[in-house]
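Novice: what follows is a predicted protein model with its sequence.
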Number of protein chains: 2
Amino acid sequence: MTPAPLQRLIVELAKLPGIGEKTAQRLAFHILRAPPAYARDLAGAIVEVIERVRLCPVCCALTESDDCPQCQDPKRDDRLICVVETVADMLALERTREFNGRYHVLHGVLSPLDGVGPEQLHIKELIARLSGGVEEVIVATNPDVEGEVTALYLTKLIRPLGIRVTRIAQGVPMGGDLEFADQVTLARALTGRQEIR
Amino acid sequence: MTPAPLQRLIVELAKLPGIGEKTAQRLAFHILRAPPAYARDLAGAIVEVIERVRLCPVCCALTESDDCPQCQDPKRDDRLICVVETVADMLALERTREFNGRYHVLHGVLSPLDGVGPEQLHIKELIARLSGGVEEVIVATNPDVEGEVTALYLTKLIRPLGIRVTRIAQGVPMGGDLEFADQVTLARALTGRQEIR
């Protein structure tokens, strides 16, 4: 009853994360009903992104040109490197406008059960950057088991080089409610308490 | 910070219904990280669907060939036509395996406020089919104001031709709870009551 090309599109869309069969069907109908220019733009953007976007060999973020804009930006502080798991995490931190150093994207975290060891992450590239006057590495991996393990691993690797290694603060989130915070978060909030200034 | 092609893909994806900025970003990263063959398959499927799928000139459902499989199927009953708003509604009815007549897709409902009049729907094509021995038209538009108005409009148009016009039953849905049913649904369930057989 469904024409084969439509069925094929539904199958491909349903492979996207968080897109089930029903949503894929709705999206496919939308693409079919929208002006044909939209479908062509969307298809073009998909092909272009895999053809033109690649990892920067220095910071391992995404870049279109050989000169990664982040690595080339002369206004950023070379003494600070913030290590993140994903490009999305980097963008989230960047939106805060609190950080003006460089980033380094690991593209994952240590997770032996999933077969992710240090070799699978972009740690080698991080170490290669540390000789150039870096004074502090901020480890901004997620506050979960894998993120903590990765932070510890990086600390053992980097601290002997005489570089400060810090971890983003953990505690109760803004707008949160102490009553409903889990005990690990509360414990971290207590041990990480700071003098009120 | 985000490479231009990636930003462009996020913008295009965010135009899809129900896909916000954040989801679009997640999908774009997924497309970028997935094997390149996936991106090419997806882009190919999008282009193919708009190039190869079109409306059947008879039933107005989607078809790939000049011979719409539904219109050509000799096992379907020519005396019954079920009128639906969308192709998705047709597929939903088809899944019940309760109906063996033909379908007709309006591609919308009458909605003067949105500028949708009879001319914008595929009503002309429906009328053209009625001369061929059709005995009953089942109006399966949605049970909302626009769907009801459309059903009334079609009835006034078709009944004078000596053809029976029926409406799908409205009442409490299976697995529903009378206590929580709205009063319109309950009123319809009462007035539409049927002898227990």
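Specialist: That came through fine. Owing to the predicted nature of the structure, the values given are computational and were not obtained by experimental measurement.
Novice: and the lengthiest strand in chain A, anywhere near chain B?
Specialist: Among the segments of chain A that qualify as a strand by DSSP state E, the longest is strand A:77-84. No: Strand A:77-84 lies out of reach of chain B by Cβ under 8 Å from any Cβ of the partner chain, never closer than 12.2 Å. Where you see a C-beta, it was placed from the backbone N, CA and C, and this is true even at glycine.
Novice: tell me which residues of that strand are tucked away?
Specialist: A:80-84 (16 or more other Cβ atoms under 10 Å in any protein chain shown).
Novice: the one helix or strand A:Gly147 maps to: how far from the chain's middle?
Specialist: According to DSSP states H and E, A:Gly147 maps onto helix A:145-158. Relative to the centre of its chain, helix A:145-158 is centred 16 Å away, using Cα atoms, centre = their mean, to the nearest Å.
Novice: list the buried ones in it?
Specialist: A:146-148, A:150-151, A:153-154, A:157-158.
Novice: distance between the ends of stretch A:129-147?
Specialist: One end of stretch A:129-147 to the other measures 21 Å (Cα to Cα, to the nearest Å).
Novice: list of residues touching it?
Specialist: For stretch A:129-147, the external contacting residues (Cβ atoms under 8 Å, 6 or more residues apart in numbering or on different chains) are A:58-59, A:78-85, A:89, A:93, A:99, A:101-102, A:104, A:106, A:109-111, A:126, A:148, A:150-151, A:154-155, A:158, A:161, A:163-168, A:170, A:188.
Novice: so for it, what gets flagged as buried?
Specialist: Applying 16+ other Cβ under 10 Å to stretch A:129-147 flags A:129-130, A:134, A:137-143, A:146-147 as buried.
Novice: could you check the angle the longest helix along chain A makes with helix B:36-52?
Specialist: Determined from DSSP state H, the single longest helix within chain A is helix A:36-52. With axes from the mean of the first three to the mean of the last three Cα atoms, to 10 degrees applied, the angle from helix A:36-52 to helix B:36-52 works out at 160 degrees.
Novice: please enumerate the helices of chain A.
Specialist: Under DSSP H, chain A gives helices at A:4-13, A:21-33, A:36-52, A:69-72, A:87-95, A:123-129, A:145-158, A:183-191.
Novice: quick one, the third one and helix B:4-13 angle?
Specialist: Read that as helix A:36-52. Using the same axes, to 10 degrees: helix A:36-52 against helix B:4-13 is 150 degrees.
Novice: who's in contact with helix A:36-52?
Specialist: So helix A:36-52 is in contact with A:31-32, A:64, B:3, B:5-6, B:8-9, B:11-13, B:15, B:28, B:31-32, B:36, B:39-40, B:42-44, B:46-47, B:49-50, going by Cβ under 8 Å, 6+ apart.
Novice: before we move on, back to that, got TSV for the buried residues of helix A:145-158, with pLDDT and distance to B:Pro69 too?
Specialist: What follows is these, written out as TSV (pLDDT from 0 to 100; distance: Cβ to Cβ, whole Å):
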residue	pLDDT	distance to B:Pro69
A:Glu146	92	50
A:Gly147	92	53
A:Glu148	92	57
A:Thr150	94	54
A:Ala151	94	58
A:Tyr153	95	59
A:Leu154	95	59
A:Leu157	95	63
A:Ile158	94	64
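Novice: hang on, the earlier thing: now, of the contacts of helix A:36-52, which are buried?
Specialist: A:31-32, A:64, B:3, B:5-6, B:8-9, B:12-13, B:28, B:31-32, B:39, B:42-44, B:46-47, B:49-50.
Novice: where does A:Thr86 land on pLDDT?
Specialist: Here, the pLDDT recorded for A:Thr86 equals 91.
Novice: enumerate every residue touching it.
Specialist: A:105, A:107-108, B:29.
Novice: top of the residues you listed by number of neighbours, please.
Specialist: A:Val105 (25 neighbours; other Cβ atoms under 10 Å in any protein chain shown).
Novice: so A:Pro17 is in contact with B:Arg26, correct?
Specialist: Yes: judged on Cβ atoms under 8 Å, A:Pro17 makes contact with B:Arg26 at a distance of 6.5 Å.
Novice: how about A:Arg159, what does it touch?
Specialist: A:Arg159 neighbours (Cβ under 8 Å, 6+ apart): A:Val165.
Novice: can you pull the domain assignment for chain A?
Specialist: Chain A breaks down into these domains under automatic domain parsing: A:4-52, A:75-169.
Novice: out of those domains, nearest to B:Gln194?
Specialist: In terms of Cβ to Cβ, the element of these nearest to B:Gln194 is domain A:4-52, at 31.2 Å.
Novice: quick one: which of A:Pro17 and B:Arg26 has more around it?
Specialist: A side-by-side neighbour count of A:Pro17 and B:Arg26, using other Cβ under 10 Å, places B:Arg26 first with 18 against 10.
Novice: just checking, the more buried one touches A:Leu91?
Specialist: No: using Cβ under 8 Å, B:Arg26 is not in contact with A:Leu91; the gap is 11.6 Å.
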